[in-house]
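Visitor: dropping a prediction and its sequence here:
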Amino acid sequence: MPGPVYGILDIVFWLLSIGAFILSGWALVHALRIPARAFPAAGKQTKPLWLIILGLATLFTFAGAVNYMGMGMGLPNIFTIAAVIAAGIYLADVKPAVNGYRSGGNQGPYGPW
């Protein structure tokens, strides 16, 4: 009979899964909002490649959060860990580099002109 520790650990890992889903979803939404020309201009991979990576990351973290086919509510599997790493790389490296390129007309580095 499992003790109360397993219940607490299940809750902690479920909250981590929800946090991973939010992280990868945030990265995906940001990548969708940035124009495609911003990625090569910043010296990063192309927008379609990042959308595929972040879309899969969001899918895997969502599956882990809702326990699809036993992927969640336990220790994170390799796909969830890889998804968090991919979203973290995007948010830490790519997002700051492409943030200056917003969609819109006359946009300078300090705002519209």
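Guide: Good, I have the coordinates. The structure displayed is predicted, hence computed values, not measured ones.
Visitor: what about His30, helix or strand, and which?
Guide: According to DSSP states H and E, His30 maps onto helix 4-33.
Visitor: tell me which other helices or strands that helix touches.
Guide: helix 47-65, helix 78-89 (3 or more C-beta pairs under 8 Å, 6 or more residues apart in numbering; DSSP states H and E). (Each C-beta comes from the backbone N, C-alpha and C, glycine too.)
Visitor: so which bits of it are buried?
Guide: Buried positions in helix 4-33, judged by neighbour count with 16 or more other C-beta atoms under 10 Å: 13-14, 16-18, 20-21, 23-28, 30-31.
Visitor: OK, contacts around the spatially most central residue of the chain?
Guide: Of all residues in the chain, the one closest to the mean position by C-alpha atoms, centre = their mean is Ser24, 1.8 Å from it. Counting by C-beta atoms under 8 Å, 6 or more residues apart in numbering, Ser24 makes contact with 54, 57-58, 60-61, 83-84, 86-87.
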